[in-house]
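In: Next input, structure requested:
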Amino acid sequence: MLATVPSAALFGVAGVAVTVEVHVARGLPGFTVVGLPDTSCRESRDRVRAALLTSGFAWPDKRTTVNLAPTSVRKIGSALDLAIAIGVLVASEQLSPAAIEDRAFLGELGLDGTLRHVPGVLPIIEAISAPEIIVPPGSVHEASLVGDRRVLCATDLKELVDALTAEVPWPRPPDEPFDLTVAALPELADVRGHQVARAALEIAAAGGHNLLMVGPPGAGKTMLAHRLSGLLPDLDDGIALEATRVHSAAGVLPPGGLIRRPPWRAPHHGTSAVAMVGGGSQRLRPGEISLAHGGVLFLDELGEFSAVVLDALRQPLEEGVIRIARAETRVEVPADFLLVAAMNPCPCGEGVIPSSCRCTDRALDRYRRRVSGPLLDRFDLRLDVHRPDPRALLHGDGAESTAVVAARVRAVRERARSRGVTSNAGLGGSALERDAPLSAPASDLLQRALESGRLTARGLRRIWRVALTIADLAEHDGPLRAEHVASAFHLRADPAFLLGSSAA
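Out: Purely as a prediction, here's the structure:
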């Protein structure tokens, strides 16, 4: 007998609909899974067999063939276990085909028949067209985020079959979990003696501009960076769903529904290129840049990261996506993030005082070459951060709070939405010229910078966008003035000044 059971599998950060076809017929006893299953998917044979037997069902003593269609897509993971088990029960006539009509099944099976959560439930559910979906109890709330399906659950295989045959009512879904470990955001009012850096932090948050801070150890670079997340507004519905989908596919989705706060990712400088951009040999797992989608990617000690890792950031910084290609697989994963980085001017950190620097010329060259010119050019804001005045640290007046600055940031983001983008950093060439025309003095200032070689064509657009954000924060309407452009130049220090001539 032939049974057909709808399900789906994870492919990158997207789901792919899979039809599980199970054929049980006379012949030498055996169990074969075809349709490009990977090792974990092929091992479902042993999990399904043990689950059926421990749940009190019979294992067919016949030839059983399982086909996972479409056969052109590799099936990875254990999400198809439950669908295969239901297919075996229907094909061996232990369950009526009418009991599974218009229903899809998703979940991993334990050897005792329990249904277990699998990563990527949200994108997997989105790929299923059946009106009812049966999932493990731990997946109910994530599956319910899709919104247009009826989600049912069962604790184990025996309870599921009894519910399908109406012998018992469907189990009540578990209560929605709440994340009670949300940490308080750092307060911007605690920052003293960094007026320029505070202004740059506000501009970066308001306009979505990448920020690089260079300075000696103890200057406050990391402290400033950690206060950026509190200035960012909540994610809108579209980006929140994308970010939730990515975290679900990576298996790191926190409880509490959609991700509303911008994610904060701060990988260690020993992170590999695959961990940063995503990938893997078969299952293409999202990397740090995708987990930061809609939020902030903070790279502390930028000069200690591998040059290969840093240069891999250049394409997603421009396009907002990362394209991962393997021999048999190609996927596109969202990676639209705000890049914030901090680094010392040299390995010893005292390069700001040449007489105190202990680095050799060779060590300096190796350190500076890791951060390439094209990557530096993608930072809209480049700051020279000094250690603050001790008097400001000890006796400085309290600065503006996070809430006050965040309100101005939200207002600028609302202006950007009226222009059709989430932030000013997303404005393209023609849109920038239309929404942010230049006054004659501002245009002359930019032209002189281009003619002198101080500014590249990419840098021109970035300076222009920063000037627009500065004008928006000042609630200025009309053509951008020269002082707006000059302020943007002031916040974009020359790499030769920050790191020495070899970085230019």
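In: Regarding residue 246, what is its secondary structure?
Out: helix (DSSP: H, G, I helix; E, B strand; the rest coil).
In: How about residues contacting the host helix or strand of residue 486?
Out: When secondary structure is defined by DSSP states H and E, residue 486 falls within helix 482-490. By CB atoms under 8 Å, 6 or more residues apart in numbering, the residues outside helix 482-490 that reach it are 438-439, 441-442, 444-446, 449, 463-464, 466-468, 470-471, 474, 476. Any C-beta I mention is one placed from the backbone N, CA and C, and that applies to glycine too.
In: Stretch 263-275 too?
Out: In contact with stretch 263-275 (CB under 8 Å, 6+ apart) are residues 229, 243, 247, 276, 280, 287-289, 291-302, 304-306, 308-309, 312, 337.
In: List only buried entries from those.
Out: Among those, those buried by neighbour count (16 or more other CB atoms under 10 Å) are 229, 243, 247, 276, 287-289, 291-300, 302, 305, 309, 312, 337.
In: pLDDT score for residue 194?
Out: In this model, residue 194 is scored at 87, pLDDT.
In: OK, contacts around it?
Out: Under the criterion of CB under 8 Å, 6+ apart, the neighbours of residue 194 are 220, 224, 385, 388.
In: In space, what's closest to the second one - neighbours in sequence excluded?
Out: In this case it means residue 224. Taking CB to CB, 6 or more residues apart in numbering, and ignoring the residues beside it in sequence, residue 224 has residue 197 as its nearest neighbour in space, at 5.4 Å.
In: Same check on the first one?
Out: Of all residues beyond its chain neighbours, the one nearest residue 220 is residue 194 (5.9 Å), with distances taken as CB to CB, 6+ apart.
In: tell me which residues of stretch 28-45 are tucked away?
Out: 31, 33, 35, 37, 40, 41, 44, 45.
In: Next, the angle from whichever strand or helix holds residue 446 to helix 482-490.
Out: Using DSSP H and E, residue 446 sits in helix 440-452. Relative orientation of helix 440-452 and helix 482-490, computed by axes from the mean of the first three to the mean of the last three CA atoms, to 10 degrees: 30 degrees.
In: now for helix 440-452, which elements pack on it?
Out: helix 457-473, helix 482-490 (3 or more CB pairs under 8 Å, 6 or more residues apart in numbering; DSSP states H and E).
In: burial count for the closest residue to residue 248 other than its chain neighbours?
Out: Distances taken as CB to CB, 6+ apart place residue 122 nearest to residue 248, at 4.1 Å, with adjacent residues excluded. By the measure other CB atoms under 10 Å, the count of residues near residue 122 is 24.
In: now the one 5 residues further on
Out: Look at residue 127: counted by other CB under 10 Å, it has 17 neighbours.
In: Go ahead and confirm it touches residue 12.
Out: No. Residue 127 sits out of contact with residue 12 when judged by CB atoms under 8 Å, with a separation of 11.9 Å.
In: any idea where the strands of the stretch 351-500 of the chain begin and end?
Out: With DSSP state E, counting those that start in this stretch applied, the stretch 351-500 of the chain shows strands at 381-384, listed in chain order.
In: So, low pLDDT: which residues of this structure?
Out: 177-183, 281-282, 327-328, 351-355, 395-398, 496-497, 500-504 (pLDDT under 70).
In: any idea which residue sits dead centre in it?
Out: residue 291 (2.3 Å; CA atoms, centre = their mean).
In: Backbone dihedrals for that residue, please?
Out: phi -70, psi -20 (degrees, to the nearest 10).
In: The closest residue to it other than its chain neighbours and residue 203: what is the separation?
Out: Excluding its sequence neighbours, the residue lying closest to residue 291 (CB to CB, 6+ apart) is residue 265, at 5.3 Å. Counting by CB to CB, to the nearest Å, the gap from residue 265 to residue 203 is 21 Å.
In: between the two, which one's more packed in?
Out: Set side by side, residue 265 and residue 203 show more neighbours around residue 203, with 25 against 18, by other CB under 10 Å.
In: Of all the residues in the top strand by length along the chain, which ones are buried?
Out: When the chain is parsed with DSSP state E, its longest strand is strand 14-25. Neighbour-count burial for strand 14-25 flags 14, 15, 16, 17, 18, 19, 20, 21, 22, 23, 24 (criterion: 16+ other CB under 10 Å).
In: now these as CSV including distance to residue 453?
Out: Below are the buried residues of strand 14-25 laid out as CSV (distance: CB to CB, whole Å):
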residue, distance to residue 453
14, 44
15, 49
16, 50
17, 54
18, 56
19, 60
20, 62
21, 65
22, 68
23, 70
24, 74
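In: Among those, which pair sits farthest apart?
Out: Across the buried residues of strand 14-25, the longest distance by CB to CB is 32.0 Å; it joins 14 and 24.
In: Partner strands of the longest strand of the chain and their direction?
Out: strand 2-11 (antiparallel), strand 63-69 (antiparallel) (DSSP bridges).
In: So what touches it?
Out: Residues from elsewhere that reach strand 14-25, judged by CB under 8 Å, 6+ apart: 1-10, 60, 62-70, 73, 75, 80, 83-84, 87-88, 90-92, 120, 123-129, 245, 331.
In: Can you flag the buried ones in those?
Out: Among the contacts of strand 14-25, those classed as buried by 16+ other CB under 10 Å are 3-10, 60, 62, 64-68, 73, 75, 80, 83-84, 87-88, 90-92, 120, 123-128, 245, 331.
In: For residue 118, which three-state class applies?
Out: Once three-state DSSP is applied, residue 118 turns out coil.
In: any idea how far residue 360 is from it?
Out: 52 Å.
In: Looking at those two, which is more packed in?
Out: residue 118 (23 against 11).
In: Cheers, nothing more for now.
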